[in-house]
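1. heads up, no residue letters with this:
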DNA sequence: CTAGGGTTAG
């Protein structure tokens, strides 16, 4: 019921009443005849110049504003002897609409020249305008020079700071201000949420609650709900939910959306859906959030079902919606679906500047279709950094290092400034192609040439680069010289390099560091055990296994999937549940005979040693990627390329086996593992056994 | 005139 009322109040009075404040629209309403003649006249400026001749500059300015001819309108200002507050207000409103900082400054200087005392209202508008145009310095100047300030002046200044990355400045003002209303608290709280500092937001909310005079309103609660969601605090979220119900704030769809989203992000997706279903007035944000929560929860089908419901509902999806769906397509590598989404976007005409376009580049890159990703990027009038970076990473993961580095050069030529993520892509391109020295060159250029700081990720990349190449001394040097603590990614890269080169000693050190940072990650135990196994240190293997068992850590199950005729087929390790398992099994046993003839030797080092030799070999043949590849081959005509995706890194033996399979069955086989793409053809892999 | 929910690259 509450929603119904809200709907009515929203759809009726607002647009109409707003007109009383808008001078341009008022002109429209009051003077339909003059406007008509204006539009009819061939000399477009006829009316404006006549008005000017008659000294009716105010009306002329109104008309020019209506025509989006802001600069000319501002020029006319100089003819007016006694401008009114409302005239300035009209101009400023249009400046704000076009984010026209220069024009705003002209208007501002005019107030000084004409000796006009701006007054509280106009000064506050100037602050808001300058802040929204990104010129905090000008805003601050107005604020400081004001003869008197009201709450709104402070609040506007605070939210101005909170919107750009100056939350510290905002807080300073907040602490300084003589008194605060719920506006001030909310602006500050939402600033913290926006800058991903949910804990501080919630702390401030607590303080606010203790002040009797500042009551939370719907703006406050929707912000703190987002904060609770960000830290996954269901307890806090529920508490706010209770407050919302008690105070009757649950009559607003934004609050409901925030509530639903909070439950979804805190792991209660069913509760999120219940709230979603209860809502009468769902807007595109509500839908987008709910769809996104399903994807995040791994419930791809539910997410897609809801997406198609949205498309039927008549509500137009926006760039956020598309970005969410495309991102899910990227994660699950459902390229066909992504293509359909692209088709839909094209049909409804999406903004090529929006980040839905970069999500498209990301989706194609993640699906291994760098050609299409490149096509989308080239079709963008001015690709943004995210799109460039997505494709660079895409090339890197496909082992197309040359293309990645060339693209990076085009990025520089386009005048776009790379950021730290871009360099993660560039460095990993070098890593995946084994271009060690080139990679080092890029690494040093980050600081020297591009004036960026090295991040922990850059160090992780460069250690990865060196460790894979077996240049452990250099890697250790860099680690000892880095200004921050090595991240888990760095240690994981190092231990990965140690696995390739059998460096037991350094692996132990890396593992110890990893156990400290993330003791619950099974991958560390598994890799370490495998390194010991390769070195034949069986007692150490047993020890690691025992530790793993005792700490109750379970290995993440390997999962591979393949799309055949628009249908996904998912395989687990040793999975026999597929309806066509007999064919798969038959194919695998037949081909392993051929493989052995060709010289394939099963690599059993990576299997835990307490299994009999023969059984080990059989275990290997049941890895999920082998099952998926086998299924792909038996269910497609000869010569069809096979594309398989795996949630973990592919194992050494499977990698080797798939090389043989590609040769014997004469197929191109693509495997996207959690790290990169492997393109198998004629017994070789694009990664050159380097991953 | 000032405040809120959904979002893309590693």
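-> Here it is on my side, so go on. Every value quoted in this text rests on a predicted model; they were computed, and no experiment measured them. Numbers count the residues shown, from 1 in each chain, chains lettered A, B, ... in the order given.
2. drop to CA atoms for contacts and neighbour counts, all remaining ones
-> Will do.
3. where does the stretch 351-500 of chain A dip in pLDDT?
-> Regions of the stretch 351-500 of chain A meeting the criterion pLDDT under 70 are absent.
4. all strands of it, in order?
-> In the stretch 351-500 of chain A, no strands are found when defined by DSSP state E, counting those that start in this stretch.
5. would you mind listing what in it touches DNA strand B?
-> A:355-356, A:358-359, A:362, A:385-387, A:389-390, A:393, A:419-422, A:424-425, A:457 (CA under 7 Å from any atom of the strand).
6. where does pLDDT dip in chain A?
-> Looking at chain A by pLDDT under 70, you get A:1-45, A:604-621, A:690-691.
7. just the ones in helices from the residues of the stretch 351-500 of chain A next to DNA strand B, please.
-> Residues of these located in helices (DSSP state H): A:355-356, A:358-359, A:362, A:385-387, A:389-390, A:393, A:420-422, A:424-425, A:457.
8. quick one, which of the residues of the stretch 351-500 of chain A next to DNA strand B are buried?
-> By neighbour count, with 16 or more other CA atoms under 10 Å, these hold A:355-356, A:358-359, A:362, A:385-387, A:389-390, A:393, A:419, A:421-422, A:424-425, A:457 as buried.
9. so residue A:584 is in contact with residue A:629, correct?
-> No - using CA atoms under 8 Å, residue A:584 is not in contact with residue A:629, being 9.1 Å away.
10. show me which residues of the stretch 201-350 of chain A sit near DNA strand B.
-> Residues of the stretch 201-350 of chain A lying near DNA strand B by CA under 7 Å from any atom of the strand: A:217-220, A:222-223, A:226, A:252-255, A:257-258, A:261, A:282-286, A:288-289, A:292, A:318-321, A:323-324, A:327.
11. mind doing that once more with 6 Å?
-> A:218-219, A:222-223, A:226, A:252-255, A:257-258, A:283-286, A:288-289, A:318, A:320-321, A:323-324, A:327 (CA under 6 Å from any atom of the strand).
12. and these, which are buried?
-> Taking 16+ other CA under 10 Å as the criterion, what is buried in these is A:218-219, A:222-223, A:226, A:252-255, A:257-258, A:283-286, A:288-289, A:318, A:320-321, A:323-324, A:327.
13. in strands only, show me the residues you listed.
-> In strands, judged by DSSP state E, none of those are found.
14. in stretch A:582-596, what's buried?
-> Within stretch A:582-596, the residues scored as buried using 16+ other CA under 10 Å are A:584-585, A:587-588, A:591-592, A:595.
15. farthest pair in these?
-> Between any two of the buried residues of stretch A:582-596, the greatest separation by CA to CA is 15.9 Å, found for A:584 and A:595.
16. could you give the number of residues near residue A:502?
-> 18 (other CA atoms under 10 Å).
17. dump the residue contacts of it.
-> Residue A:502 makes contact with A:531, A:534-535, according to CA atoms under 8 Å, 6 or more residues apart in numbering.
18. in the residues you listed, which residue is surrounded by the most others?
-> Among the contacts of residue A:502, the one with the most neighbours (other CA under 10 Å) is residue A:531, at 27 neighbours.
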